[in-house]
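>>> sequence-free structure coming up:
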């Protein structure tokens, strides 16, 4: 059981590292060191926008960030808690976000929501610890398994990653 927890922790760390690398723009392609000089950038001024009712609307980031299906915010077919924040949708197969739910509450949320959708939890693949959990569900229309992984970030939030995988 301890080996499974260690393996799970390593998998979660690798996925988090890859997600951070993706969000931050990837690694160094020429294999050199990562030192560089930041050029002087011109000052960017905000241009107020209007919604047609003479009320200013704050500028927003474009939801599509690069043609790979990677978006900040947006929609997902997976159920999300009401307080889900920092949603990152990486194509149709991976969703990542944070919530203020505890690990146990997040697990119960997905047991309830996926149960309503007719999904079946693979109990033998459910792994929990004090700071992480991983659950696998069958029943998605694609025929693929749905994994839900949570990591306690230590600041009162839990990072949740939902992935479609071919197991």
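On my side now, so go ahead. Values in this document were obtained by computation on a predicted structure and should not be read as measured data.
>>> Burial check on the closest residue to residue 167 other than its chain neighbours, number of neighbours?
Using Cβ to Cβ, 6 or more residues apart in numbering and skipping the chain neighbours, the partner closest in space to residue 167 is residue 145 (4.5 Å). To be clear about C-beta, it is placed using only N, CA and C from the backbone, and glycine gets the same treatment. Residues near residue 145, counting by other Cβ atoms under 10 Å, number 18.
>>> for the chain, which spans come out with low pLDDT?
Along the chain, the parts satisfying pLDDT under 70 run over 1-10, 14, 18-74.
>>> need the strands for the protein, in chain order.
Here the chain has its strands, by DSSP state E, at 49-50, 56-57, 70-72, 85-90, 94-99, 120-121, 127-128, 132-138, 145-152, 158-165.
>>> Let's have these in a markdown table, adding distance to residue 112.
Below are these laid out as a markdown table (distance: least, Cβ to Cβ, whole Å):
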| stretch | distance to residue 112 |
| --- | --- |
| strand 49-50 | 40 |
| strand 56-57 | 36 |
| strand 70-72 | 27 |
| strand 85-90 | 20 |
| strand 94-99 | 14 |
| strand 120-121 | 11 |
| strand 127-128 | 17 |
| strand 132-138 | 12 |
| strand 145-152 | 12 |
| strand 158-165 | 15 |
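>>> Name the residues linked to the spatially closest residue to residue 76 that is not a sequence neighbour by a beta bridge.
Among residues not flanking residue 76 along the chain, residue 95 sits closest, at 4.8 Å (Cβ to Cβ, 6+ apart). Beta-bridge pairing for residue 95 (DSSP bridges): residue 89, residue 162.
>>> Residue 95 against residue 89, yeah?
Yes - counting by Cβ atoms under 8 Å, residue 89 is a contact partner of residue 95 at 5.5 Å.
>>> Which neighbours do those two have in common?
In terms of Cβ atoms under 8 Å, 6 or more residues apart in numbering, residue 95 and residue 89 are both contacted by the residues residue 76.
>>> show me the contacts for residue 145.
So residue 145 contacts 122, 136-138, 164-167 (Cβ under 8 Å, 6+ apart).
>>> Can you tell me how far it is from residue 101?
22 Å (Cβ to Cβ, to the nearest Å).
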